[in-house]
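**Q** Make a model of this:
(chains A, B, C and D)
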There are 2 protein chains.
Amino acid sequence: MEIQGLPGRLLAELGPAIASGEVPEGAVLRSEELEERFGVSRTVVREAVRILEGMRMVAPRRRVGITVQPKSTWDVFDPLVIRWRLAGSDRPAQLRSLGSLRVAVEPAAAALAAQHASDDERRELGSLAVELTMTARAADLEAFLRHDIAFHATVLKASGNEMFAHLGDTVGAVLTGRTEYDLMPHQPEPYAIRLHREVAEAICAGDAEHAEQAMRTIVKGALEELDQQLGLGAP
Amino acid sequence: MEIQGLPGRLLAELGPAIASGEVPEGAVLRSEELEERFGVSRTVVREAVRILEGMRMVAPRRRVGITVQPKSTWDVFDPLVIRWRLAGSDRPAQLRSLGSLRVAVEPAAAALAAQHASDDERRELGSLAVELTMTARAADLEAFLRHDIAFHATVLKASGNEMFAHLGDTVGAVLTGRTEYDLMPHQPEPYAIRLHREVAEAICAGDAEHAEQAMRTIVKGALEELDQQLGLGAP
DNA sequence: GATACCAAATCGTCATACTTTTAGCGGCGC
DNA sequence: GCGCCGCTAAAAGTATGACGATTTGGTATC
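**A** Predicted structure coming up:
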């Protein structure tokens, strides 16, 4: 999935540096400087820069250099951009954005899934809900997280909307990040588990309304919890 | 905004060809072939391919060639990918996806806008709603479309969520495409206009609930209309 | 002080040579 | 006959030198 080779390595340095604001908007890089700094050839630098240009994070200009674009032009839906921002100092803002996005998208996806999911997907959701319950009871946080991610990804996929489906990985990154950074403070709440079961059952039963409502409760709860933590953590 | 230079031109050929399925999943391109076909150098081909790789539309593999990836891996939120799909044979599917996305996102954005919009943005929405009413009455479809696009973009921006804001251009593309392809069959419905005014007023008044509901009615209506047209147009 | 021109800096493109990886084939032994 | 191993050639990956195009900023001239 990653971009390979030397350009990939360059990207892994430049992307996070820009995404975190370490290299600020308006900063100007020069190809030659990058060549020297990373000990690679023009070819490699140019290709890495092209990829960043494709994400609208930089714009090369003759006689000037490679200028870092304002955040407002970045392709904020690009998985790499999201990952870089989640990893850097922009983390809180990115988590808030993604939280709101989840509140908007996941209930809609659940409703669509209730209408369009295949039999396999419904079965999958059912068993994932069971797994969630069991791993929660066993306090196996790692397995719980894995199944939680799979659950949300499956709902998004089962919606039949390719754009929703693509948010599966991103949601996974959010959930992973959340448990990692929260230092796993509490075991999964029984109420949240129950809601996941409700979502699964509603989707299996084709009850779009109920699936949507239950999912909305889940993601709204997650957003509130996030806001609470960010509010406390970053005054 | 566009990618410049020869790689940009190559991209403008390859991207749509892949997005429309003309070059199918699994197809293999070779750098040398592309060099000859477009009369450009290796450098140019490589940079264009790198950008496509960044969009996860192709994956170069040694000893094999540049293989076209399945649609499920594409960055379907990339503005270029969306534009290419809208322009090609994938148009109906892309419109449906975007329709569902709008139903999910725009009501949420309207609710957030009611809470977070700046005074300037509220004023802007108010005057845009007036313009909508006037241009509709004057049957000036072109101006109406322009203001409609601005209205939705402003709501998305006023939500304060950068990810929502970025969907402004995409929604604009959908609206433009709709009036272009529908052969502008009907003048704007008075009911829809009224709903836009309601959204603007609710956001100005800080009434998130009402703004969300009115916006939901708008985008659901648009989706239904779309489904009707696609249902008739492509049996 | 304004205008026009020139020169330097930087990206953009091309051509070419070399390196690295790996699919596919063929031979070798079991 | 079957499977394993290594060879080869094909393709992408990287490096480098040369030249072209464009933009900027300064300078000289009016």
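**Q** Skip the chain neighbours and tell me the closest residue to the most centrally placed residue in chain A.
**A** Compute the mean C-alpha point of chain A, and by C-alpha atoms, centre = their mean the closest residue is A:T170, 2.3 Å away. Distances taken as C-beta to C-beta, 6 or more residues apart in numbering or on different chains place A:I82 nearest to A:T170, at 5.7 Å, with adjacent residues excluded. All C-beta spots, glycine's among them, are computed from the backbone N, C-alpha and C.
**Q** Check for me that that neighbour belongs to a helix.
**A** Yes: applying DSSP: H, G, I helix; E, B strand; the rest coil, one finds A:I82 inside a helix.
**Q** which residues touch stretch A:23-38?
**A** Stretch A:23-38 has contacts (C-beta atoms under 8 Å, 6 or more residues apart in numbering or on different chains) with A:9-10, A:13-14, A:17, A:40-42, A:44-46, A:48-49, A:58, A:64-71.
**Q** elements contacting the helix or strand A:S100 falls within?
**A** Counting by DSSP states H and E, the element that carries A:S100 is helix A:91-116. Where contact means 3 or more C-beta pairs under 8 Å, 6 or more residues apart in numbering or on different chains; DSSP states H and E, helix A:91-116 is packed against helix A:79-87, helix A:141-158, helix A:162-181, helix A:190-205, helix A:208-233, helix B:91-116, helix B:162-181.
**Q** Enumerate the residues of chain A near DNA strand D.
**A** A:4-7, A:39-44, A:47, A:61-64 (C-beta under 7 Å from any atom of the strand).
**Q** Which entries within those residues meet the buried criterion?
**A** Among these, those buried by neighbour count (16 or more other C-beta atoms under 10 Å in any protein chain shown) are A:L6, A:P7, A:V40, A:V44, A:E47.
**Q** hang on, A:I193 packs against A:M134?
**A** No: with contact defined as C-beta atoms under 8 Å, A:I193 does not reach A:M134; the gap is 10.0 Å.
**Q** out of the two, which sits in the busier spot?
**A** More crowded of A:I193 and A:M134, by other C-beta atoms under 10 Å in any protein chain shown: A:I193, with 19 against 14.
**Q** Count residues in the vicinity of the closest residue to A:V105 other than its chain neighbours, would you?
**A** Counting by C-beta to C-beta, 6+ apart, A:V105 lies nearest to B:A104, which is 4.9 Å off, once chain neighbours are set aside. Residues lying near B:A104 (other C-beta under 10 Å) number 26.
**Q** Next: the one 3 residues further on.
**A** B:P107 has 24 neighbouring residues, counting by other C-beta under 10 Å.
**Q** picking that back up, wait, the residue nearest to the centre of chain A touches A:S97, no?
**A** No: A:T170 lies out of contact with A:S97 (C-beta under 8 Å); the separation is 10.6 Å.
**Q** if you skip the residues just before and after it, what's nearest to A:I51?
**A** Closest residue to A:I51 apart from its sequence neighbours, by C-beta to C-beta, 6+ apart: B:G54 at 4.4 Å.
**Q** I meant to write A:G5 there.
**A** The nearest residue in space to A:G5 (C-beta to C-beta, 6+ apart) is A:V44, at 7.8 Å.
**Q** Residues contacting the helix or strand hosting the one you found, please?
**A** For A:V44, the host element (DSSP H and E) is helix A:42-54. In this structure, residues lying in contact with helix A:42-54 by C-beta under 8 Å, 6+ apart are A:3, A:5-8, A:10-11, A:14-15, A:18, A:31, A:34-35, A:38, A:58-60, A:66, A:75, B:3, B:7, B:43, B:46-47, B:50-51, B:53-55.
**Q** ChimeraX command for the buried members of those?
**A** Buried residues within the contacts of helix A:42-54, by 16+ other C-beta under 10 Å, are selected in ChimeraX with:
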select /A:3,6,7,10,11,14,15,18,34,35,38,58,59,60,66,75 /B:3,7,46,47,50,51,53,54,55
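**Q** rewinding a little: tell me if the helix holding A:V44 is near DNA strand C.
**A** Yes: Helix A:42-54 reaches DNA strand C (C-beta under 7 Å from any atom of the strand) through A:R42, A:R46, A:V49.
**Q** residues from chain A in reach of chain B?
**A** Within chain A, the residues that sit near chain B (C-beta under 8 Å from any C-beta of the partner chain) are A:1, A:3, A:7, A:43, A:46-47, A:50-51, A:53-56, A:71-72, A:75-80, A:93, A:96-98, A:100-101, A:103-105, A:107-109, A:112, A:159, A:161-166.
**Q** Got the confidence number for A:H186?
**A** pLDDT for A:H186: 62.
**Q** again with A:M1
**A** At A:M1, the pLDDT value in this model is 66.
**Q** What about chain A, which residue is the most distant from its middle?
**A** Most distant residue from the mean C-alpha position of chain A: A:R63, 37.3 Å away (C-alpha atoms, centre = their mean).
**Q** Of the contacts of helix A:42-54, which belong to strands?
**A** Within these, residues falling in strands by DSSP state E are A:V58, A:A59, A:P60, A:I66.
**Q** Against A:A108, how distant is the third one?
**A** I take that to be A:P60. Note on A:P60: its distance to A:A108, by C-beta to C-beta, to the nearest Å, is 39 Å.
**Q** do the first one as well
**A** When C-beta to C-beta is applied, the distance between A:V58 and A:A108 equals 34 Å.
**Q** now swap in the last one and tell me
**A** Relative to A:A108, A:I66 is positioned 39 Å away (C-beta to C-beta).
**Q** ok, and for stretch A:218-235, which residues are buried?
**A** The neighbour-count check on stretch A:218-235 (16+ other C-beta under 10 Å) flags A:I218, A:V219, A:A222, A:L223, A:E225, A:L226, A:Q229, A:L230 as buried.
**Q** shouldn't the fourth one be in contact with A:A104?
**A** So that's A:L223. No: in this structure, A:L223 is not within contact of A:A104 by C-beta under 8 Å, at 10.5 Å.
**Q** okay, and the common contacts of those two?
**A** By C-beta under 8 Å, 6+ apart, no residue touches both A:L223 and A:A104.
**Q** shouldn't A:F151 be in contact with A:L132?
**A** Yes: using C-beta under 8 Å, A:F151 is in contact with A:L132, at 6.5 Å.
**Q** Could you tell me which residues touch both of these two?
**A** Common neighbours of A:F151 and A:L132 (C-beta under 8 Å, 6+ apart) are A:H196.
**Q** and A:E22, how many residues sit next to it?
**A** What A:E22 shows, counting by other C-beta under 10 Å, is a neighbour count of 11.
**Q** check contacts around it.
**A** A:E22 neighbours (C-beta under 8 Å, 6+ apart): A:P16, A:G88, A:S89.
**Q** Out of the residues you listed, which end up buried?
**A** A:P16, A:G88.
**Q** Could you give the number of residues near the closest residue in space to A:I149 that isn't next to it in sequence?
**A** Nearest residue to A:I149, sequence neighbours excluded (C-beta to C-beta, 6+ apart): A:G172, at 4.2 Å. By other C-beta under 10 Å, 18 other residues sit near A:G172.
**Q** cool, A:A114 as well?
**A** Residues within reach of A:A114, counting by other C-beta under 10 Å, total 25.
**Q** Is it correct that it is in contact with A:A202?
**A** Yes: with contact defined as C-beta under 8 Å, A:A114 reaches A:A202; the gap is 6.0 Å.
**Q** Perfect, that will be all.
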